[in-house]
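S.K.: I need the structure of the sequence given here:
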Amino acid sequence: MPIQQTDELKIKLEVFEGPLDLLLYLIKKDEVDIYDIPIELITRQYMEYLGLMRMLDLDIAGDFLVMAATLLMIKSRLLLPPEERPELEPEEDDPRWDLIRKLVEYKKFKDAAGLLQNMEVSQSNSFLRGSEDIPSPASSEIGMEEVTIFDLISVFNEALKRIEPEVIGEIFAEKITVADKIEMLLALIKEKISVPFFNLFNHIATRHEIICTFLAVLELVRLHQITAKQDKTFGEIMIVRANE
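M.R.: Numbering: from 1, shown residues only. You can find the predicted model right below:
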């Protein structure tokens with residue numbers, strides 16, 4: 001069930017990856033061949049992430065639901081014995097290969113965009129001889145890369161699985177809000193330059209407080225107060241003060 005937020009604070013991400021990004025993330029995380037996707041596994045994980053995004057009351061585009069329907073259709077088709085599978089029309093493509101083709105094309109596009117972005121950053125750090133511009137000192141975060149919303153949701157899911165099932169009395173007794181957590185996080189990053197993302201959920205015993213903490217992080221990222229980085233793909237995520 002989505003957490004009920006006050007009208008004064010609605011968490012809405014300005015940039016939100018789409019369903020193909022989520023599928024590529026899961027494929028990379030599970031280290032599976034994009035041309036031989038284990039549909040049952042990927043579908044189960046995709047639906048789990050979709051459920052987490054709904055729980056967080058994130059603004060999910062209809063494309064995510066369309067992809068969910070596509071995955072479930074492919075999964076149900078593969079579960080049938082070959083002789084019982086409905087035949088495709090002559091002009092119809094196998095939905096599994098159609099999905100793989102879309103993923104491969106999208107991955108090529110993303111890789112090319114990432115290469116261009118890296119080239120742009122490289123050029124911006126180059127200075128012609130005699131230039132009056134003086135390069136700033138190297139950042140302590142060199143080698144750190146930005147994380148995706150799905151990296152954050154993955155850690156959020158781990159934190160949720162760690163807590164004990166709640167009783168009804170505990171749910172109604174919960175008083176902490178997203179605004180409270182934002183204040184706590186601002187005080188924390190004022191004291192420390194960076195903190196491991198997973199550590200933010202230490203000593204939290206209720207699902208409600210974990211959700212509030214996660215939404216507070218998203219809101220501060222959106223407001224450019226903090227950034228989330230990791231030193232390698234699927235490495236430990238660090239929450240870093242934005243001006244650092």
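S.K.: For residue 226, the count of nearby residues, please.
M.R.: 25 (other CB atoms under 10 Å). Where C-beta positions appear, they are placed from N, C-alpha and C, glycine not excepted.
S.K.: So what sits opposite it in the bridge?
M.R.: Taking DSSP bridges as the rule, residue 226 bridges to residue 241.
S.K.: Helix or strand for the residue nearest the centre of the chain, just tell me which one.
M.R.: By CA atoms, centre = their mean, the chain has its centre lying nearest to residue 150, at 1.6 Å. Per DSSP states H and E, residue 150 falls inside helix 149-162.
S.K.: Now do that helix, average pLDDT.
M.R.: The predicted model gives helix 149-162 an average pLDDT of 92.
S.K.: buried ones in that helix?
M.R.: Neighbour-count burial for helix 149-162 flags 149, 150, 151, 152, 153, 154, 155, 156, 157, 159 (criterion: 16 or more other CB atoms under 10 Å).
S.K.: Check which helices and strands that helix sits against.
M.R.: helix 19-30, helix 39-55, helix 207-222, strand 226-230, strand 237-241 (3 or more CB pairs under 8 Å, 6 or more residues apart in numbering; DSSP states H and E).
S.K.: rerun that using 7 Å as the cut-off
M.R.: helix 39-55, helix 207-222, strand 237-241 (3 or more CB pairs under 7 Å, 6 or more residues apart in numbering; DSSP states H and E).
S.K.: Now do the second one: which elements does it pack against?
M.R.: This points to helix 207-222. helix 149-162, helix 178-191, strand 226-230.
S.K.: let's see 6 Å
M.R.: helix 149-162, helix 178-191 (3 or more CB pairs under 6 Å, 6 or more residues apart in numbering; DSSP states H and E).
S.K.: The first one too?
M.R.: Contact here means 3+ CB pairs under 6 Å, 6+ apart; on that basis helix 39-55 packs against helix 62-79.
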